[in-house]
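Peer 1: Here is a sequence together with a model predicted from it:
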Amino acid sequence: MHADMNEWSVLLSALPDFEPPAAGWEAVLAARRRREDGNSRRWPVALAAAVLAAVAGLAWQLQSTQRELIAADPGSTASADYADDSVRAQNAKLEALLASLPEARVMRGSTAFTVSQLEDRLAFVDDRLSRITLEPNAPEHAERLWRERVELMNSLVQVRYADVASPL
């Protein structure tokens, strides 16, 4: 190894003298700034495109699941005029479907954020449902909250299913 070092030393000393270019370091820093400026402009566009694609995919999945739920329950209508029992039955089906999905060991950050947001909204709706009996228009509010809960559960099932079905 020592002999190799001596050979390299001889080879390097045989090279002609090198003068660094004037403003060499400043040129390196300027190129870095240009590259960083270009990257900083691309991130918002890429992020907006990713969010738009995620929202479009989620909307498509939501419509697909809603069509399946309507087809599975012929008594329901597309205008969401559900009977209270029908909404609760749909909620129970979605709960069972969610429970049957395998737990993801690893989840994308965006998916984890979406799941967290949906679960937080579900917790809020559940809290409202637990307090609904104290309100003057309890039946109407309860029906609206149950419909909202079914929509949230539907979205959560779709997001979790898409996460389980797609490879990382």
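Peer 2: Received, thanks.

Peer 1: By mean pLDDT, flag the weakest helix or strand of the chain.
Peer 2: The helix or strand with the lowest mean pLDDT-type score in the chain, counting by mean pLDDT, DSSP states H and E, is helix 24-72 (a mean of 72).

Peer 1: Tell me the secondary structure at residue 22.
Peer 2: Reducing the assignment to helix, strand or coil with DSSP: H, G, I helix; E, B strand; the rest coil, the entry for residue 22 is coil.

Peer 1: if I pick it, what's in contact with it?
Peer 2: Contacts for residue 22 were tallied using Cβ atoms under 8 Å, 6 or more residues apart in numbering; there are none. (Each C-beta comes from the backbone N, C-alpha and C, glycine too.)

Peer 1: again, but for residue 121
Peer 2: For residue 121, the set of contacting residues under the criterion of Cβ under 8 Å, 6+ apart consists of residue 152.

Peer 1: give me the element it is part of.
Peer 2: Taking DSSP states H and E as the definition, residue 121 sits inside helix 109-131.

Peer 1: In that helix, which residues are buried?
Peer 2: With burial defined by 16 or more other Cβ atoms under 10 Å, the residues of helix 109-131 counted as buried are 111, 114-115, 118, 121-122, 125, 128.

Peer 1: Minimum pLDDT in the residues you listed, which residue is that?
Peer 2: Lowest model confidence among those falls on residue 111, which carries 82.

Peer 1: Assess the claim that that one and residue 163 are in contact.
Peer 2: Yes - here residue 111 reaches residue 163: they are 4.9 Å apart, a contact under Cβ atoms under 8 Å.

Peer 1: how many other residues sit next to the closest residue to residue 21 other than its chain neighbours?
Peer 2: Ranked by Cβ to Cβ, 6 or more residues apart in numbering and with sequence neighbours excluded, the top spatial neighbour of residue 21 is residue 27, at 7.3 Å. Using other Cβ atoms under 10 Å, the number of residues around residue 27 comes to 11.

Peer 1: Distance check, residue 27 against residue 57.
Peer 2: 45 Å (Cβ to Cβ, to the nearest Å).
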